[in-house]
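Colleague: Next one to model:
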Amino acid sequence: MRCAIFASLLGLVAAAQATAEFSGEATAEARWFVHATPDPRQDQADRSITATLDYFRDWDKTRQRFAVSLRGRVDSDDGERSKWELDELYWRDQWRRASISVGVDRVFWGGNAAVHLV
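Modeller: Residues are numbered from 1 along each chain as shown. You can find the predicted model right below:
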């Protein structure tokens, strides 16, 4: 009985992964200064962590898509560098000659998409 339940759950997970994708990236950054700082308010080290999380799900023969993209940074010293951003959050439905999108999405026009480095 347990094997049947486990196999069913594994099949559901495999089916869900065929139409959805979750990805992410995390980086850590640290800087250490060799010489002591003359100002006691400054640290001799600076640390930050950056994370990006992306999720999208296609269905209806990839005609419809839901996507979410989050990005954030936590900095040890500079509160203005610490932030969370919602890059994308949208639902899109496409037909043969038209499409509709609802939400926030990044759109590049023309040659700009080929040379955009961000």
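Colleague: so how far is Asp93 from the closest residue to Tyr90 other than its chain neighbours?
Modeller: Sequence neighbours aside, Gly103 is the residue nearest to Tyr90 in space, at 3.1 Å (criterion: CB to CB, 6 or more residues apart in numbering). The way it works is simple: take the backbone N, C-alpha and C, and place the C-beta from them, glycine included. Distance of Gly103 to Asp93, computed by CB to CB, to the nearest Å: 12 Å.
Colleague: now Asp43
Modeller: According to CB to CB, Asp43 and Asp93 sit 51 Å apart.
Colleague: And the pLDDT at Glu80?
Modeller: Listed pLDDT for Glu80 reads 82.
Colleague: From Asp39, how far off is it?
Modeller: To Asp39, Glu80 is 18 Å away according to CB to CB.
Colleague: repeat for Thr52
Modeller: Separation of Thr52 from Asp39 (CB to CB) stands at 34 Å.
Colleague: in the chain, which segments are predicted with low confidence?
Modeller: Residues of the chain meeting the criterion pLDDT under 70: 1-18, 108-118.
Colleague: For it, just list every one of the helices.
Modeller: Assigned by DSSP state H, the chain shows helices spanning 2-19, 112-115.
Colleague: could you pull out the strands for the chain?
Modeller: Applying DSSP state E to the chain gives strands spanning 20-32, 45-59, 64-75, 83-94, 99-104.
Colleague: Of those strands, which stretch is the most buried?
Modeller: Mean neighbour count (mean count of other CB atoms under 10 Å) peaks for strand 64-75 among the strands of the chain, with a mean of 16.
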